[in-house]
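Engineer: Kindly return the folded structure for what I paste below:
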Amino acid sequence: MMACPRTCSCILGLSLGTAALFAAGANTALLIPNWDVTYLLRGLIGRHAMLGSGLWGGGLLVLTALLSGGLALLGALICFITSGVALKDGPFCMFGDSSFNQMQAWKYGYPFKDLHNRNYLYDRSLWNSTCLEPSNAVVWHVSFFSTLLCISLLQLLLVVIHFINSFLGLFCSLCEK
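Structural biologist: Numbers count the residues shown, from 1 in each chain. Reported below is the predicted structural model:
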């Protein structure tokens, strides 16, 4: 009777561990746009990527949480929320700003954050015309934060299943003779 919860725990543990490693890998890739470390060395990485929620939230805390379920839930939830906000705000990149003395000035920031009438996720024409550096910043940003969002959602689901499995294992063990 106890084989089912034990087997389920093994599968959940392996799934959570694998998902944690993928989350850490995706966050590491966000720190090195186009695999060019100079952006990281020059401090030209967005705050969402620098927060490292995929490294410590979806990665380290979830791996640690294989020992403690509450940390897994917290880590996956933090990674999920941060990834969602990052997708909403858009990438940190160099873009043209014409608000300064009516002249074109280049600066680093979040050019899509305050778009009120357009959503950069649905308007691909903005992707290469707005972010000038790093190249393909929007594709990189959307790809890896979407990956983190999906991984953390999977982790949340696995942790909830793990909690249910743990309670079933506890109650089944109390019913055994």
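
Engineer: Was I right to think residue 48 contacts residue 79?
Structural biologist: No: judged on C-beta atoms under 8 Å, residue 48 makes no contact with residue 79 at a distance of 10.8 Å. For the C-beta atoms, the positions are set from N, CA and C on the backbone; glycine is no exception.

Engineer: between the two, who's got more neighbours?
Structural biologist: residue 79 (32 against 26; other C-beta atoms under 10 Å).

Engineer: where's the spatially closest residue to residue 50 that is not a sequence neighbour relative to residue 140, distance?
Structural biologist: Closest residue to residue 50 apart from its sequence neighbours, by C-beta to C-beta, 6 or more residues apart in numbering: residue 31 at 7.4 Å. Going from residue 31 to residue 140 by C-beta to C-beta, to the nearest Å gives 11 Å.

Engineer: quick one: which of these two has more around it?
Structural biologist: residue 140 (21 against 17).

Engineer: What residues of the strand or helix carrying that one count as buried?
Structural biologist: Taking DSSP states H and E as the definition, residue 140 sits inside helix 137-175. Buried positions in helix 137-175, judged by neighbour count with 16 or more other C-beta atoms under 10 Å: 137-138, 140-142, 144-156, 158-159, 162, 165, 169.

Engineer: mind listing the strands for the chain?
Structural biologist: 93-97, 105-109 (DSSP state E).

Engineer: want to throw these into TSV with mean pLDDT and distance to residue 132?
Structural biologist: Below are the strands of the chain laid out as TSV (pLDDT from 0 to 100; distance: least, C-beta to C-beta, whole Å):
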stretch	mean pLDDT	distance to residue 132
strand 93-97	82	5
strand 105-109	84	7
